[in-house]
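Asker: Quick one, what's the 3D model for this:
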Amino acid sequence: GLQDAHSFYWTRDDEGMVPTTREDGSTVWVNAGGTKPSAGVIADHNLSVVDFTQAVPHMIAVLEEHDWMNQQVTMLAHFWGAIMLHRYWNSTDSIAQHAILIYQEEQH
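Answerer: Sure thing, here's the model as predicted:
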């Protein structure tokens, strides 16, 4: 549905041009083929808890690089920290770990 359209859009004409915004706010035209999302993106709920834990510092760094407000970055850092302290996170039950990752993913 609509969610898939936002996540997996493809153009039939990879040589077409699409507008994009540079960091300085100016608009530039780029090849449509270069704007597709990576086919290798893995949904949060399909990650292991170890992989997710390793990704958190990188996600925070990217948010800060893209000038997210400190309050928002701190809120997410606290949320992810609380998730990692939850009893399901360190459970030996893989279903419990999967459940907490699904919960985390659904919070956006």
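Asker: in this structure, which spans are strands?
Answerer: All strands of the chain, identified by DSSP state E, fall at 17-21, 27-31.
Asker: need the least confident one among those strands, by mean pLDDT.
Answerer: Note on the strands of the chain: lowest mean pLDDT is at strand 17-21, with a mean of 68.
Asker: for Arg22, what are its contacts?
Answerer: Val28 (Cβ atoms under 8 Å, 6 or more residues apart in numbering). For every residue, glycine as well, the C-beta is placed using N, CA and C.
Asker: Renumber starting at 439 from here on
Answerer: New numbering, starting at 439: the last item is Arg460.
Asker: What's the separation between it and Phe517?
Answerer: 31 Å (Cβ to Cβ, to the nearest Å).
Asker: His536 now?
Answerer: From His536 over to Phe517 the distance is 18 Å, taken as Cβ to Cβ.
Asker: so what's Leu539 closest to, chain neighbours aside?
Answerer: Among residues not flanking Leu539 along the chain, His483 sits closest, at 4.6 Å (Cβ to Cβ, 6 or more residues apart in numbering).
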